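**Q** dropping a prediction and its sequence here:
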Amino acid sequence: MNTLTSYDWLKHYVDLKGVSVEEFAKRVSLSGPGVEKIYPQGVDLQQVVVGHVTSVEKHPDADKLRLASVDVGEKKALTIVCGGLNLAEDQWVAVALVGARVRWHGEGDLITLEPATIRGVASEGMICAANEIGLAEAFPHAEREILDLGVAIPEMKLKAGTPLADALGLAGDAVLDSEVTTNRVDAMGVVGFAREASAILGKKFLWKPATLKAKGSKKGAPTIHVSEKKLCPRYMAVRLTGVKNGPSPWWLKKRLMQAGLNSISALVDITNYVMLELAQPMHVFDVARLAQGKKGLEISVRLAKKGETLKTFDGNEHHLDEKTLVIADAEGPVAIAGVMGGERSGAYYDTTDIIFEAATFDAVSVRRTARRLNLYSDSQTRFEKGLSPHALPDAIARAVELALDICGGTVVGSVVDERAAVSKPATYRISTKEVDERIGVSIPKATQIRSLRDLGFTVKLVGGTIHATVPWWRDQDIESGQDLVEEIARIYGYANIPPVVPGGTSLLQVDPSIRMEDTLKTIAAGAGLTETYTYSFVSDDLYRKAGYDSSGCLHVQNPLTEEFAFMRTSLLPSLLQVVAENQERAREQRLFEIANVYYPPSTSGVWNDLPDEHLEMGCAFLGDNAFANAKGFVEHVLATHGITDVFWKRLTEKGGFWHAGRSVQAFKDGALLATVGEVAPNILGNMGIDGRVAMVDCPLTSSDGTGLFTHAVHARQYTVPSPFPESKRDLALVVPDRTEYAALSLAIRRVDACVASVEWFDTYAGKGLPEQKKSVAMHLTFSAPNKTLTSEEVDALIARITSAVKKEFGAEVR
Amino acid sequence: MLSDTLTGLQESLEKAIKAASSLAELEAAELRFLGRKGELTNILRQLGSLSSDERRTVGAAANVVKVEGERLIAEARASLLSAAAGAVAENEWIDVTEPGMRPPQGHLHITTHAIREIGAIFERIGFTRVRYPEVDWDHYAFEALNMPPEHPARDEWETFFMEAPAGKKGRMILTPHATNGTARILEECADRLKAGEAIRAMNIAKTYRRQSDITHVPMFHQFDGVCVDKGISFAHMHGVFDYFVKAFFGKERTVRLRPFHFRFTEPSVEIDVSCGMCGGTGMLADDQKCRTCKRGWLELGGGGSIHPNVLKMAGIDPKKYSGFAFGWGVERTYMMKEGTKLDDVRTMYKNDVRFLEQF
């Protein structure tokens, strides 16, 4: 989480003399919070100066405009045309001189002011409204109301001509936008950040906690009941009366503004200021607005009751449930613990009698409440990271100190402190040798100890072992001796730890499917296919359109959208969708994807265990010869994987995903290697695809040892080629047109072992052939292991072949 | 006189060779004068009628004619052949600027290219590729990584849960990071570690988070490395990161480690790479702020020394063994490399062929 911190403010708590902002950012980023951006302050106020309005006259030509004579410290006063309703003589104003950059009426980009003639009168500058010079958050105002510096900042030293940035104390300051890790809420506070910087830069830490002297008597102090000690381990409250609320002084407004917070009123601003300083959220209640109980002023910390509601100060009404921790008075909830205060009991300008609250709330409870109510705040952000109960006394003391200073009044009664058992700070040990080993460099013992001490640890060295007691502001973070390694290493500087590539090797075996997947991708791309990456989760709609059943699939409980409803069991619907989406621009497509599919565990078939994640290849071919291309690709893949003697079996199941007349499956030793076929026309229709699409579904791995990768032959065996020349003959057979080539070629090969191969090269039907007949042309190769076959011997083999196919298929030689 | 005849024959032969304008004419000349039934043979047949002295003289002269003739013919043949070769330019002209017959060109997805490149770099320094479930128990995604149930750190991973009953190892989830592989490999290899084998592995896997915007997609890829052995230190982690950054982004790039916080590592670091656009200065040549980086640095990802609790959960003694782990986004890392010009990660998973065919 990021935090905005004024460099000037940091300087109050750590001695940064001689350290530039840039240098600070660079060095602190390497060892602590990462400074991501630096915003120099007051740069937008160049050429804006303090001016004194010496006279105001009517504009000769406009009712809504007036002419102000403004002293800006020059010999001659400036004449400025001004439309401000509150413009008056003897007023101190912010004057933008020619060349200043302002935002017209607080809207749009910054523009550079030029000399202008307004309704016939030359204006030598502009008297600014707060929103025209970026100060609206500190000084909210009505339309056409200029910034009256004397009213807005009564304490300001007014001198005509002083650059406004100087007068506001912004010049020379910078705001650091830094990332603070979630375990370091303490460093979100200026004091914690300063402590970090002090340890990192070796500069003196200057912060001293405020002290609070309260009377011992309980009289007048509120009674606190904490019924949920686990959810609220500590609650502190202090009452002040006779306070005067109102706008905050400029220095306080400035700090809030720089941190990106709005100024509300002095009392509310004080609670936010303490939060920014000490990272401990606070709250202020108006006693007059709290309902008194039987015993007077009673505050309880309890779970909300069914039906209770609370209107928070952002104006929203919340229905509370029995899991929500609230702060309540006799009437009902007045705040959602750790998240936001209620509108009814807050401090307003008329408030005179208050209670400051500082409490510790359970991080998980705050986090869940915020999520449940969808209500977030600066307090909640800090509480849900986990805060120390020990932070409260300093925060209460500081708030009281500021309130007495700014708002006056007196503390009534003692400070109330309700808390669960006090825990002793933890001490962790690690030897300096172990620290060196973990970091990989030798760091002197004294340096190790100094780093920890600078960060606030109490350290003892006993026989080479560091005993470090955790300071309270780190008690939610430091959990073991290993945490001390981090503290020492980062203060030493990660950049100072030399990079060393570890030697040796690991004997881990590579999962063979990783290599094979990679090789198969190369083969597929080499064969002209383009790889897609589609999401592992798919929608019901897609599965339904593709004719798949999603009921057995593993569903996502909290899908992002219905598009990602469940884990797919096939890549084909997703691929089909890609084909559909691309068909307008690509009428020829050859796609493939290799990814996991998710089946119910094979052992049980129900979701009592993790899914079987099978690696699968899916392919899609759109365009001419789609089926032949798809099947040819599968044959190519099988061949490149050394898989021979594949048995192709026609898939005849009707009404499914596959075209019942144009699909086939490849088996090896009874195991399915691939399904290839055209997609059924009705499915293509559902998907809105025009034209034929052939697809491939190829299981690659599976828990039961099937899949293409299982059958791949890795170590190829060498067969000595026959020293005797082969004989080649072509043979064309006329057969009934439904005769399958696979059966025909098998019959030919079975005739004799000397038939070395049968290779299809053409099928013809039509002119010159009878109806319902086709001619299948093949190259036949003959060879014998021990001799050269004579022409007569080959002739005899051909004769045996033709007689065999005639008998089996009624085939005639063409 | 035979010697005169011989001289005449030589002259005629030379004339015929010179006159031959084609290989066929040259061959005819060779046959006529030097062939088995040619004129030279004729002369040699008459040698018998001469005295032995004359026979020797004429025989030697005839041999000279033969050798010289053969040399001239070879020369003439070579020159005719080269002339013919020159002529094919004219006779056999084709339009060579027409496109060739290309094999169909396929394309691998940019993510595959990224995984290959990243995996190969880590393989060179001994990280073995491993594979673990994408749907896993939350034990391996959180508990085993030092994030007990209800720990707020779990919020940082917008996790998808499965509609399945919880088991002994918690709820079934889609892995929000590939570090579940680290938890599993530590558990699997605890015994082998005791036997003296080091763990150095890399899990590159699909990961899932409930998010979708210009820099996030609900499914993406992470590469997650782990190294455990006796004596593994922060310096080794620094070494591996430095090696990767220089190998992947370029020798001139530098790595910067900043403190960070993860539950499963301690110390935890965030790894930055110096920006290639501005040379790590944060400012461009025209004195403008670099828009690519934050003050000269690009965030690569997180890592750190493995938390002792994580080792303990896997049954590894953190007093004896130590290590480091890191997990970075494949897409993000690849997009950080200049030149891809990909500014919307969602483009990568839309599968528009006009995108796919560019890689």
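**A** Cool, the structure landed. Values in this document were obtained by computation on a predicted structure and should not be read as measured data.
**Q** tell me which stretches of the stretch 301-450 of chain A form helices.
**A** Using DSSP state H, counting those that start in this stretch, the helices found in the stretch 301-450 of chain A span residues A:363-373, A:378-383, A:392-407, A:432-439, A:445-454.
**Q** of these, which is nearest B:Phe324?
**A** When these are compared by C-beta to C-beta, helix A:432-439 sits nearest B:Phe324, at 10.2 Å. Glycine gets a C-beta too; all of them are placed from N, C-alpha and C.
**Q** does B:Ala61 touch B:Asp4 like I think?
**A** No. With contact defined as C-beta atoms under 8 Å, B:Ala61 does not count as touching B:Asp4 (10.8 Å).
**Q** so which of the two has more stuff around it?
**A** The residue with more neighbours, out of B:Ala61 and B:Asp4, is B:Ala61; 16 against 8, by other C-beta atoms under 10 Å in any protein chain shown.
**Q** could you find the closest non-adjacent residue to that one?
**A** Of all residues not flanking B:Ala61 in the chain, B:Leu6 sits nearest, at 5.6 Å (C-beta to C-beta, 6 or more residues apart in numbering or on different chains).
**Q** secondary structure element holding the one you found?
**A** In this assignment (DSSP states H and E), B:Leu6 forms part of helix B:2-19.
**Q** so for that helix, mean pLDDT?
**A** On average, the pLDDT along helix B:2-19 is 86.
**Q** what are the contacting residues of that helix?
**A** B:25-26, B:29, B:32-34, B:39-40, B:43, B:46-47, B:50, B:54, B:57-58, B:61-62, B:65, B:68-69, B:72-73, B:76 (C-beta atoms under 8 Å, 6 or more residues apart in numbering or on different chains).
**Q** coming back round to it: which among the helices of the stretch 301-450 of chain A is found nearest to B:Ile115?
**A** Among the helices of the stretch 301-450 of chain A, the nearest to B:Ile115 by C-beta to C-beta is helix A:432-439 (31.6 Å).
**Q** tell me if that closest one is near chain B.
**A** Yes. Contact of helix A:432-439 with chain B (C-beta under 8 Å from any C-beta of the partner chain) involves A:437-439.
**Q** which of these are buried, as a PyMOL select command?
**A** Here is the PyMOL command that selects the buried residues among the residues of helix A:432-439 next to chain B (16 or more other C-beta atoms under 10 Å in any protein chain shown):
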select buried, chain A and resi 437+438+439
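**Q** a markdown table please, covering the residues of helix A:432-439 next to chain B and showing pLDDT.
**A** What follows is the residues of helix A:432-439 next to chain B, written out as a markdown table (pLDDT from 0 to 100):
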| residue | pLDDT |
| --- | --- |
| A:Glu437 | 95 |
| A:Arg438 | 95 |
| A:Ile439 | 96 |
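**Q** ok, of the residues of helix A:432-439 next to chain B, which one's closest to chain B?
**A** For those, the residue nearest chain B by C-beta to the nearest C-beta is A:Ile439; the value is 4.8 Å.
**Q** for residue 139, what are its contacts?
**A** Answering for chain A, as no chain was given. Here A:Phe139 is in contact with A:130, A:147, A:152, A:253 (C-beta under 8 Å, 6+ apart).
**Q** my question was about chain B
**A** B:169-170, B:183.
**Q** swap the cut-off to 6 Å and go again
**A** Taking C-beta atoms under 6 Å, 6 or more residues apart in numbering or on different chains, we find B:His139 in contact with B:169-170.
**Q** list, one by one, the residues from the stretch 651-800 of chain A near chain B.
**A** By C-beta under 6 Å from any C-beta of the partner chain, no residue of the stretch 651-800 of chain A approaches chain B.
**Q** of all the residues in the stretch 651-800 of chain A, which one is nearest chain B?
**A** For the stretch 651-800 of chain A, C-beta to the nearest C-beta, closest residue to chain B: A:Thr701, 9.6 Å.
**Q** mind listing what that residue touches?
**A** Counting by C-beta under 6 Å, 6+ apart, A:Thr701 makes contact with A:513, A:614-615, A:707, A:709.
**Q** please redo it, this time with the cut-off set to 8 Å
**A** A:513, A:614-615, A:707, A:709-710.
**Q** as CSV, those residues with pLDDT, neighbour count and secondary structure would be great.
**A** Listed next are these as CSV, based on pLDDT from 0 to 100; neighbours: other C-beta atoms under 10 Å in any protein chain shown; DSSP: H, G, I helix; E, B strand; the rest coil:
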residue, pLDDT, neighbour count, secondary structure
A:Ser513, 92, 16, helix
A:His614, 92, 20, strand
A:Leu615, 96, 22, strand
A:Gly707, 90, 23, coil
A:Phe709, 94, 21, helix
A:Thr710, 92, 17, helix
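**Q** ok, back up a step: could I get the contacts of A:Phe139 as TSV with pLDDT, distance to chain B and secondary structure?
**A** Listed next are the contacts of A:Phe139 as TSV, based on pLDDT from 0 to 100; distance: C-beta to the nearest C-beta, whole Å; DSSP: H, G, I helix; E, B strand; the rest coil:
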residue	pLDDT	distance to chain B	secondary structure
A:Ala130	93	28	helix
A:Leu147	94	31	coil
A:Ala152	91	33	helix
A:Lys253	95	29	helix
